[in-house]
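>>> Just the structure for this:
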Amino acid sequence: MDIYTTTKQATELHKAGDTDDAIELLKSINALMAQQGDFNGLLKIIPYYQKAGRYSEGVKYAEYQLMPLISLACKVCFSQRSEQTIESFRLRQTAELYAKLSLIAKR
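The predicted structure follows:
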């Protein structure tokens, strides 16, 4: 499955008003994004939950699905680095995830 094409399809679904299907499409490629270290792609799903009126579900998804994927992405991207470096990047990406959740909570 191609990340770029699938992400583009999800965006088109969202623009057409079918945000629920867009969320499901993004969910289907999140593991692939993590394996390729696509941190921004992983976080793209968060605003979709907000637009769908499913904020609480988005928070749960972030905590139970995205956080482990962020850890995986950090291990993949920084495998040649020390554990401390990997952990610092994981914490940075986790902070970005919470910043995104905070932003949509305000909306």
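>>> Now for the most centrally placed residue in the chain: which residues touch it?
In the chain, the centroid-proximal residue (C-alpha atoms, centre = their mean) is Leu42; its distance is 2.3 Å. Counting by C-beta atoms under 8 Å, 6 or more residues apart in numbering, Leu42 touches Asn30, Met33, Ala34, Leu66, Leu69, Ile70, Ala73. Every C-beta, even on glycine, is put in place using the N, C-alpha and C of the backbone.
>>> Would you convert these into TSV that also reports distance to Tyr4 and neighbour count?
TSV is the format used below for these (distance: C-beta to C-beta, whole Å; neighbours: other C-beta atoms under 10 Å):
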residue	distance to Tyr4	neighbour count
Asn30	14	20
Met33	11	23
Ala34	16	24
Leu66	20	23
Leu69	18	20
Ile70	20	23
Ala73	17	25
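>>> Which residues does the strand or helix carrying Leu97 contact?
Following DSSP states H and E, one finds Leu97 within helix 83-106. Applying C-beta under 8 Å, 6+ apart, the contact partners of helix 83-106 are 39, 43, 46-47, 49-50, 55, 58-59, 62, 66-67, 70-71, 73-75, 77-79.
>>> next one: stretch 46-61
10, 14, 19-20, 22-23, 26-27, 45, 62, 97, 100-101, 104-105, 107.
>>> buried residues in it?
Ile46, Pro47, Tyr48, Tyr49, Gln50, Lys51, Ala52, Arg54, Tyr55, Gly58, Val59, Tyr61 (16 or more other C-beta atoms under 10 Å).
>>> ok, now stretch 93-107?
Buried, per 16+ other C-beta under 10 Å, within stretch 93-107: Gln93, Thr94, Leu97, Lys100, Leu101, Ile104.
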